[in-house]
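A.B. asks: I would like to see how this sequence folds:
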Amino acid sequence: MSELRFKTANTILYCKHWNETVAFYQRDLGLPITFSTDWFVEFRLADAAHLSVADEARASVKSSGRQGLTLALQVDSAATMWEHLRESGLHPQPLRDHPWGAQAFYLFDPEGHRLEIWSPNE
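C.D. replies: Coordinates of the predicted model:
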């Protein structure tokens, strides 16, 4: 069997608090929208990576209920991103050094999904 090669990746979050979650990713994090309907919004994370938010009331899949999900997002500088989010009025958890050679912090969206924002140690 040949190696699987994917062209893009998209994580879909099914949400009970859809409007608030869309606003968080669009307004608070500033992610650009690449596709939108009245119950589904796709955001661009990187050239080939997307994050979508779907209204569970209109979808056949239901919310994970905050269980078993962390979105790990690498940035150039976790410290700079932490400061920016804090100054924007969000409440990221403290920035920490991890033994795997990175700085990271956690932030939760309105649905309760955990975002891990990290960068390699400088």
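A.B. asks: run through the bridge partners of Gln74.
C.D. replies: Trp118 (DSSP bridges).
A.B. asks: count of neighbours near it?
C.D. replies: 13 (other Cβ atoms under 10 Å). Using the backbone N, CA and C atoms, a C-beta is placed for each residue, glycine as well.
A.B. asks: one more: Leu45?
C.D. replies: 18.
A.B. asks: show me what the longest helix anywhere in the chain is packed up against.
C.D. replies: Ranked by residue count and defined by DSSP state H, the top helix of the chain is helix 78-87. On a contact count with 3 or more Cβ pairs under 8 Å, 6 or more residues apart in numbering; DSSP states H and E, helix 78-87 meets strand 102-108, strand 114-120.
A.B. asks: mind putting the ones you listed into CSV with mean neighbour count and distance to Gly30?
C.D. replies: Formatted as CSV, those follow (neighbours: other Cβ atoms under 10 Å; distance: least, Cβ to Cβ, whole Å):
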stretch, mean neighbour count, distance to Gly30
strand 102-108, 18, 14
strand 114-120, 18, 13
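A.B. asks: to Leu13, which of the ones you listed lies closest?
C.D. replies: With Cβ to Cβ, the closest approach to Leu13 among the helices and strands packed on helix 78-87 belongs to strand 114-120: 10.8 Å.
A.B. asks: now what about the closest one, what contacts it?
C.D. replies: 69-79, 81-82, 85, 92, 98, 101-109 (Cβ atoms under 8 Å, 6 or more residues apart in numbering).
A.B. asks: just how off-centre is the longest helix of the chain within its chain?
C.D. replies: What separates the centre of helix 78-87 from the centre of its chain is 15 Å, taken as Cα atoms, centre = their mean, to the nearest Å.
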